[in-house]
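Colleague: sequence first, predicted coordinates after that:
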Amino acid sequence: MKLCRVQPFALGHPELGHSSSVRVEIPSHAAEIEGEVAYEIAGLFDGNRKRTGRSWPLKAVRFLPPVNPGKIVGVGRNYRDHAAELNNPIPVEPLIFLKPPSSVIGPEEPILLPAISKRVDHEGELAVIIGRTCSQLSDRDAVEPYVLGYTCLNDVTARDLQKADVQFTRGKSFDTFCPMGPVIETTLDLADTRVETYVNGARRQSGALTEMIFPVDVIIRWISRVMTLLPGDVIATGTPAGVGPLVPGDLVEIVVSGVGTLRNSVAAREA
């Protein structure tokens, strides 16, 4: 089942959001997709998901970020080839960092490049959406009851600032640096899933989840022993090799097999 958060165009203002200089709260509706229709649902996180009776054709809605996360937990260097291309050691345990909720944008919104950075990279990733409060999981605990589903995410990174700071916060926290969407897929065969990134139609990244150093279940358990994961929280599970720079005018697409395609344009941030 594919879930999403949408704004019907009839509500107006489809242009509002990070494309504006001021963050605007956008009316939204949780929905599930069947065919070419988005059916509004209630009970997204309470285990009692049901349709309300309202629906819209997909062509009549704008897709928003699928959740408003309380936090985004990133996992660095989780593919050996990616660690190697950055000349970094292979981590012996998950290397985690946080991205702020203010960095989140949805499909078709522009990634805005800050003037302070001379090198901003794409990082295509599978993201996990937490569905239930999750804390102190043991190695024997199943993680599936705590997962709402999976989506596409671009962990946009100001690489020069990340290297200069020797830590991740500034380089990964600019507004628009966390595109995600367009949908949440609730059932996904992780053993048969690939993450790919395309820039202007050319493939830049391609990796199977089976190539991860720390699989998704290990990541969830490990993070739960560091911090409580709440419904709507997002885990970005790492990016494969092939990260590269974005420039104004680019179109970047993150494709997760079985989930869909996250598409964003790239522009310079206005002074």
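Modeller: Perfect, thanks for sending it.
Colleague: which element is encountered next along the chain beyond the helix or strand of the chain with the lowest mean pLDDT?
Modeller: One helix or strand of the chain scores below all others by mean pLDDT, DSSP states H and E: helix 80-85, with a mean of 88. Sequence-wise, the next helix or strand downstream of helix 80-85 (DSSP states H and E) is strand 95-99.
Colleague: give me the residues contacting whatever helix or strand comes next after that next one.
Modeller: The helix or strand immediately downstream of strand 95-99 is strand 104-105, counting by DSSP H and E. Strand 104-105 has contacts (C-beta atoms under 8 Å, 6 or more residues apart in numbering) with 17-18, 65, 68-69, 72, 111, 176, 178-180, 264. C-beta: built from backbone N, CA, C; applies to glycine.
Colleague: got a PyMOL select line for the buried ones in those?
Modeller: Of the contacts of strand 104-105, the buried ones can be selected in PyMOL as follows, counting by 16 or more other C-beta atoms under 10 Å:
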select buried, resi 17+18+65+69+72+111+176+178+179+180+264
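Colleague: from the contacts of strand 104-105, which two are the most distant?
Modeller: Farthest-apart pair in the contacts of strand 104-105 is N68 and I111; separation 18.8 Å (C-beta to C-beta).
Colleague: which residues of the stretch 151-271 of the chain fall in strands?
Modeller: Assigned by DSSP state E, counting those that start in this stretch, the stretch 151-271 of the chain shows strands spanning 157-158, 178-185, 194-199, 202-208, 234-236, 244-245, 251-256, 260-268.
Colleague: could I get those in a markdown table, plus columns for mean pLDDT?
Modeller: Shown next, in a markdown table, are the strands of the stretch 151-271 of the chain (pLDDT from 0 to 100):
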| stretch | mean pLDDT |
| --- | --- |
| strand 157-158 | 98 |
| strand 178-185 | 98 |
| strand 194-199 | 99 |
| strand 202-208 | 98 |
| strand 234-236 | 99 |
| strand 244-245 | 98 |
| strand 251-256 | 99 |
| strand 260-268 | 99 |
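Colleague: okay, those strands in TSV with distance to F97 next?
Modeller: Compiled in TSV, the strands of the stretch 151-271 of the chain are given as follows (distance: least, C-beta to C-beta, whole Å):
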stretch	distance to F97
strand 157-158	10
strand 178-185	12
strand 194-199	19
strand 202-208	19
strand 234-236	9
strand 244-245	20
strand 251-256	19
strand 260-268	20
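Colleague: the ones you listed: which one's closest to T169?
Modeller: Using C-beta to C-beta, the strands of the stretch 151-271 of the chain put strand 157-158 closest to T169, at 10.8 Å.
Colleague: about what we covered before: so for E40, which of the strands of the stretch 151-271 of the chain sits nearest?
Modeller: Comparing the strands of the stretch 151-271 of the chain against E40 with C-beta to C-beta, the closest turns out to be strand 178-185 (14.7 Å).
Colleague: may I see the buried residues of the longest helix seen in the chain?
Modeller: Longest helix in the chain, counting residues (DSSP state H): helix 216-224. Within helix 216-224, the residues scored as buried using 16+ other C-beta under 10 Å are 216-217, 219-224.
Colleague: which of those lies closest to V147?
Modeller: Looking at those and their distance to V147, the nearest is I220, at 7.3 Å (C-beta to C-beta).
Colleague: quick one: pLDDT of the nearest residue to that closest one once chain neighbours are set aside?
Modeller: Distances taken as C-beta to C-beta, 6 or more residues apart in numbering place V143 nearest to I220, at 4.4 Å, with adjacent residues excluded. We have a pLDDT of 99 for V143.
Colleague: separation between V143 and I129?
Modeller: V143 is 12 Å from I129, where distance means C-beta to C-beta, to the nearest Å.
Colleague: more crowded one of the two?
Modeller: Each of V143 and I129 has its neighbours counted (other C-beta atoms under 10 Å); I129 has more, 24 against 18.
Colleague: sorry, back to before: now tabulate the buried residues of helix 216-224 in a markdown table and tack on distance to N87 and pLDDT.
Modeller: Formatted as a markdown table, the buried residues of helix 216-224 follow (distance: C-beta to C-beta, whole Å; pLDDT from 0 to 100):
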| residue | distance to N87 | pLDDT |
| --- | --- | --- |
| V216 | 26 | 99 |
| D217 | 29 | 99 |
| I219 | 23 | 99 |
| I220 | 29 | 99 |
| R221 | 29 | 99 |
| W222 | 25 | 98 |
| I223 | 26 | 99 |
| S224 | 31 | 99 |
